[in-house]
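Student: Quick one, structure for this:
(chains A and B)
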Amino acid sequence: MSWLMGQSVINGLLIGGVYALIAVGLTIIFGVMKIVNFAQGEFLMVGMYATWLLFSAIGGSPYLLIIPVAFIMFIFGWLVYKILVNPVVGKGDTSYILLTIGLSFFLQNAAQLIWTADYHTVETSLKGQALQLGGLSILVPRLIAFAVAIILVAIVHLFLKKTDIGRAMRATAENSEVSSMLGINPITTYAIAFAIGTVLAGIAGTLLTPMFYVFPRVGALFTTTAFVVVVLGGLGNITGALLGGLLIGLVEAFTGSFIALDLAPVGTFIVFLLVLLLKPEGLFGGGARKA
Amino acid sequence: MRNINILLKNKLLSIGALILLVFPLFIESRYIIHATMMVFIFASMAVAWNIIGGYGAQISWGHASFFAIGAYASFLMFLKLNVSPLISIFLGMVLSVILAIIVGYPSFRLRGVYFSLATIAFAEIVKLLLLYFQEFTGGANGLMLPFKGQNPLNLQFNSVVPYYYISFLLMGIIIFLTWKLENSRLGYFLKAIKEDEDAAESLGIKAYQVKLIAFIISAAMMAAIGTIYAFNIAYIDPVGVAHLDLSIKIGAIAIVGGVGTLWGPVIGAFIIVPLTEITNALLGSTRGGASTALYGLVLMVVIIFQPKGVIEFFNGKRKKTKNNSVKASI
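Tutor: Modelled structure (predicted):
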């Protein structure tokens, strides 16, 4: 029993780190633009396909592909913002929801059209390896994903606090009208925020490729969980998203271990409905506005 | 009686209805009749979705779940207890109402995107539970309905034509109810909330209550459609009826046609459903994804260029012709 507990804690925290990374991407976009990107999971899927394609072309370690994938995702996110999202800025929540879900649906099915629904894998020598820790095992790819995710979240945090662009983003998040009077171009800031959110989803995709199959619908596995995490952490709150990600990882691992593996996400969603009911501003305060 | 008069006064409507009524008498092809019936089913679903998604401006991505609940409830009642779908249709509706309250109550007290997020989470739960309780729901294999001979009480017929008329009637009822709702207190409240929620609340409208009622009505309609659809197809599985994809398709149809209008979702269904049939026929099913990618693409294009939907072109044209006729008479 205690072994199962310990293993659940490890598994939960490790996958929770990846959830946190996806959620931080989502929450940055929300924080600055006040929109929830329903296509975040599909951006992750695009990142996974980019990793798989680059890996098939060049080979090497998939972890080294983080940088080119990040670059590709930045351009991708920038273009998506300029072409699709910018035209509906200021037209209200409904337009964003519909636009991004339309985008997610399109990307998912376009991927299926181009690469079929087949499952692809990215092989690394690290794949099956595990560290032993007093009877508990830690899978190496999960550990790497966790570590990289946490480092990236820290970098994003510093970026927002210490750099000019980061400050501009926070200013726009606070009040876009006043900040634009001070010479901050809100459109560029939105585009940067959107692109950064896209990059984080893409990198999460790269980190997941050694553990998950690459297929068109893979994003759906993560989108809903990421929504739960951002609401749990308080929409727009980065530290909240990190803690929320770890927490949801644990909830999922424990539901999976002690109730049923197939029902693991159900635990997550019930937590979500409870949070909406009891503490809609998120467990850690921050973004959400109450009616 | 007054309602019927209004119906008769609208020429376009009565001609359209008449054509659709006699349509199966002249068409031999089972496929075309079935495809037209699917247009009715999707139109019904889009009209129901529109009650909360359009009039209420609260985007639900969980409507397929209510559809699935209607389908599964009536299937299971029929398979296990031999209850007629004409009775169990109400069971599905009651279940949907209860679940709509569970999802709607916490999320409507908040504004913004929370409702959409909650419906997605809800949809996932329903799908996972349907997959998990295999002995009961058949899991991923789904449930098959054995044909027990023609019997209108069991909604089983030898030919596809009765279902054509049942679906047509269902669409008619749902459009009629929605029209009544649009012109009721609830409809006006919804309109007021959509315009300005703060102003509406300051006039004493309880916004979350109004939205919740609209959601409940919409969910109950979806369950009823689910029952009718399931008995026609005689096979259901979680991916087919409870998937997020279906909810997105329903929403896309309503939005493309014209969100928040009575006839927009119907127009949307009559445009998009045949369009996907044609794409499927042209590209074949060897490469899945083309016809569904179309939904996403059309949805984005409409949102960016014509958020009021295709119906706006009709309205614009009608206004123009009116102006012209006035000028001509002068």
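Student: check contacts around residue A:137.
Tutor: A:7, A:130-131 (Cβ atoms under 8 Å, 6 or more residues apart in numbering or on different chains). Every residue, glycine included, has its C-beta placed from N, CA and C.
Student: next one: residue B:141
Tutor: Neighbours of residue B:141 in contact, by Cβ under 8 Å, 6+ apart: residue B:237.
Student: What's the separation between it and chain A?
Tutor: Using Cβ to the nearest Cβ, to the nearest Å, residue B:141 is found at 15 Å from chain A.
Student: Among the contacts of residue A:137, which one has the most neighbours?
Tutor: Greatest neighbour count in these, by other Cβ atoms under 10 Å in any protein chain shown, goes to residue A:7: 16 neighbours.
Student: my read is that residue is in a helix, agree?
Tutor: Yes: under DSSP: H, G, I helix; E, B strand; the rest coil, residue A:7 falls within a helix.
Student: Next, count neighbours for the nearest residue to it once chain neighbours are set aside.
Tutor: Nearest residue to residue A:7 in three dimensions, chain neighbours excluded: residue A:136, at 5.4 Å (Cβ to Cβ, 6 or more residues apart in numbering or on different chains). Counted by other Cβ under 10 Å, the residues lying close to residue A:136 total 17.
Student: which residues does residue A:136 form a beta bridge with?
Tutor: residue A:133 (DSSP bridges).
Student: Return the member of the contacts of residue A:137 nearest to chain B.
Tutor: residue A:7 (22.4 Å; Cβ to the nearest Cβ).
Student: What confidence value was assigned to the closest one?
Tutor: Per-residue confidence (pLDDT) for residue A:7: 88.
Student: Could you do the one 5 residues further on as well?
Tutor: At residue A:12, the predicted lDDT confidence score is 91.
Student: Show the contacting residues for the most centrally placed residue in chain B.
Tutor: Residue closest to the mean C-alpha point of chain B, counted by Cα atoms, centre = their mean, is residue B:45 at 0.7 Å. Residues in contact with residue B:45 (Cβ under 8 Å, 6+ apart) are B:63, B:67, B:222, B:225, B:250, B:253.
Student: Now do the contacts for the first one.
Tutor: Taking Cβ under 8 Å, 6+ apart, we find residue B:63 in contact with B:45, B:48-49, B:119, B:218-219, B:222, B:246-247, B:250-251.
Student: Is there a neighbour count for residue B:308? I'd like the number.
Tutor: Neighbours of residue B:308 (other Cβ under 10 Å): 16.
Student: That one reaches residue B:258, doesn't it?
Tutor: Yes: between residue B:308 and residue B:258 there is a contact at 6.0 Å, judged by Cβ atoms under 8 Å.
Student: returning to that earlier point: return the closest of the contacts of residue A:137 with respect to residue A:114.
Tutor: For those, the minimum distance to residue A:114 (Cβ to Cβ) is 34.9 Å, reached by residue A:130.
Student: Isn't that closest one up against residue A:142?
Tutor: No: if you go by Cβ under 8 Å, residue A:130 and residue A:142 don't touch, sitting 9.1 Å apart.
Student: elements contacting the worst-scoring helix or strand of chain A on mean pLDDT?
Tutor: Using mean pLDDT, DSSP states H and E, strand A:130-133 stands out as the lowest-scoring helix or strand of chain A, at a mean of 81. Applying 3 or more Cβ pairs under 8 Å, 6 or more residues apart in numbering or on different chains; DSSP states H and E, we find strand A:130-133 packed against strand A:136-139, helix A:140-162.
Student: Contact residues of the stretch 101-250 of chain B facing chain A?
Tutor: B:102-103, B:105-107, B:109-114, B:116-118, B:120-122, B:124-125, B:128-129, B:131-132, B:197, B:207-208, B:244-245, B:248 (Cβ under 8 Å from any Cβ of the partner chain).
Student: Get me the contact residues on the stretch 1-150 of chain A for chain B.
Tutor: So the stretch 1-150 of chain A meets chain B at A:35-36, A:38, A:84, A:87-88, A:91, A:93-95, A:97-99, A:101-113, A:116-117 (Cβ under 8 Å from any Cβ).
Student: those strands in the stretch 1-150 of chain B, which residues are they?
Tutor: Here the stretch 1-150 of chain B has its strands, by DSSP state E, counting those that start in this stretch, at B:143-144.
Student: Excluding covalently adjacent residues, which one is nearest to residue 189?
Tutor: This is for chain A. residue A:172 (4.5 Å).
Student: Chain B is the one I meant
Tutor: residue B:210 (4.6 Å).
Student: list the contacts for the residue nearest to residue A:7?
Tutor: A:3, A:6-7, A:10.
Student: again, only using 10 Å
Tutor: Neighbour list for residue A:136: A:3-11, A:130 [criterion: Cβ atoms under 10 Å, 6 or more residues apart in numbering or on different chains].
Student: Report the secondary structure state of residue A:124.
Tutor: coil.
Student: For the closest residue to it other than its chain neighbours, give its distance to residue A:143.
Tutor: Computed as Cβ to Cβ, 6+ apart, the closest residue to residue A:124 that is not its neighbour in sequence is residue A:210, at 4.9 Å. As judged by Cβ to Cβ, to the nearest Å, residue A:210 and residue A:143 stand 11 Å apart.
Student: What pLDDT does the model give the nearest residue to residue B:307 once chain neighbours are set aside?
Tutor: By the measure of Cβ to Cβ, 6+ apart, the closest residue to residue B:307 outside its immediate chain neighbours is residue A:95, 6.4 Å from it. pLDDT for residue A:95: 87.
Student: Could you report the distance from residue A:95 to residue B:104?
Tutor: With Cβ to Cβ as the criterion, residue A:95 and residue B:104 are 22 Å apart.
Student: Just to check, residue B:21 is in contact with residue B:36?
Tutor: No: counting by Cβ atoms under 10 Å, residue B:36 is not a contact partner of residue B:21; they are 11.6 Å apart.
Student: can you list residues touching both of the two?
Tutor: B:164, B:168.
Student: Of those two, which one has the most company?
Tutor: residue B:36 (19 against 12).
Student: chain center to stretch A:85-104, what's the gap?
Tutor: 19 Å (Cα atoms, centre = their mean, to the nearest Å).
Student: Any idea how far apart the tips of it sit?
Tutor: Terminal residues of stretch A:85-104 lie 13 Å apart, using Cα to Cα, to the nearest Å.
Student: So which bits of stretch A:183-194 are buried?
Tutor: A:184, A:186, A:189-194 (16 or more other Cβ atoms under 10 Å in any protein chain shown).
Student: Identify the residues contacting it?
Tutor: So stretch A:183-194 is contacted by A:25, A:28-33, A:35, A:37, A:43, A:74, A:77-82, A:85-86, A:89, A:160, A:164-173, A:176-180 (Cβ under 10 Å, 6+ apart).
Student: which ones among the residues you listed are found in helices?
Tutor: In this view, these that belong to helices under DSSP state H are A:25, A:28-33, A:43, A:74, A:77-80, A:160, A:164-173, A:176-180.
Student: which residues touch residue B:255?
Tutor: So residue B:255 contacts A:94-95, A:98, A:102, B:46, B:49-50, B:53-54, B:59, B:264-265, B:268, B:298-299, B:302-303, B:307-310 (Cβ under 10 Å, 6+ apart).
Student: Going through those residues, which ones are buried?
Tutor: By 16+ other Cβ under 10 Å, the contacts of residue B:255 give A:94-95, A:98, A:102, B:46, B:49-50, B:53-54, B:59, B:264-265, B:268, B:298-299, B:302-303, B:307-310 as buried.
Student: if we can go back for a sec, most surrounded residue in the contacts of residue A:136?
Tutor: residue A:11 (22 neighbours).
Student: Identify the residue spatially nearest to that residue, adjacent ones excluded.
Tutor: residue A:253 (4.6 Å).
Student: check contacts around residue 65.
Tutor: As the question left the chain open, I've gone with chain A. Contacts of residue A:65 by Cβ under 10 Å, 6+ apart are A:47, A:50-55, A:58, A:72, A:122, A:203, A:206, A:209.
Student: Can you look at chain B instead?
Tutor: B:96, B:99-100, B:103, B:119, B:122-127, B:130, B:219, B:222-223, B:226, B:241-244, B:246-247.
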